[in-house]
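No letters, just coordinates:
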């Protein structure tokens, strides 16, 4: 489960480095909307929101709720399914790093 927390932390750092192009929107239930909102809260430069929305829409209701409930968890969340862990790792598939200034992270 440390993987989930580590990926969330890394995702937050990467998305914070992306800058801001505006907020996200999206459909689906409340948990899916919350995940999209959390991921896009610090900006969307380099983020393919359509790709992200497709990945979020592919989550089961229980995985979406688990991820939404544990998004900011600093503790090791218990009970993550393999598909929830796979989703978290797949977020990076939706980011184009080629035009993003990662500052010290890129060195």
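That came through, no problem. Every value quoted in this text rests on a predicted model; they were computed, and no experiment measured them. Residues are numbered from 1 along each chain as shown.

okay, CA-based contacts and neighbour counts for the rest of this
Will do.

Next one: residue 75 from residue 68, what distance?
Note on residue 75: its distance to residue 68, by C-alpha to C-alpha, to the nearest Å, is 14 Å.

Please, where are all the helices along the chain?
Under the criterion DSSP state H, the chain contains helices at 2-17, 30-40, 49-57, 61-70, 82-90.

got a list of contacts for the fourth one?
Applying C-alpha atoms under 8 Å, 6 or more residues apart in numbering, the external contacts of helix 61-70 come out as 31, 32, 34, 35, 56, 77, 80, 81, 83, 84.

I'd like the helices of the chain as a markdown table, with distance to residue 96 and mean neighbour count appended.
Shown next, in a markdown table, are the helices of the chain (distance: least, C-alpha to C-alpha, whole Å; neighbours: other C-alpha atoms under 10 Å):
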| stretch | distance to residue 96 | mean neighbour count |
| --- | --- | --- |
| helix 2-17 | 11 | 18 |
| helix 30-40 | 14 | 20 |
| helix 49-57 | 11 | 17 |
| helix 61-70 | 23 | 18 |
| helix 82-90 | 13 | 16 |
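
got TSV for the ones you listed, with mean pLDDT and distance to residue 98 too?
Converted to TSV, the helices of the chain look like this (pLDDT from 0 to 100; distance: least, C-alpha to C-alpha, whole Å):
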stretch	mean pLDDT	distance to residue 98
helix 2-17	50	13
helix 30-40	91	19
helix 49-57	94	16
helix 61-70	92	28
helix 82-90	89	17
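
mind giving me a markdown table with those helices and columns for distance to residue 97?
Supplementary listing: the helices of the chain in a markdown table, determined by distance: least, C-alpha to C-alpha, whole Å:
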| stretch | distance to residue 97 |
| --- | --- |
| helix 2-17 | 9 |
| helix 30-40 | 16 |
| helix 49-57 | 14 |
| helix 61-70 | 24 |
| helix 82-90 | 14 |
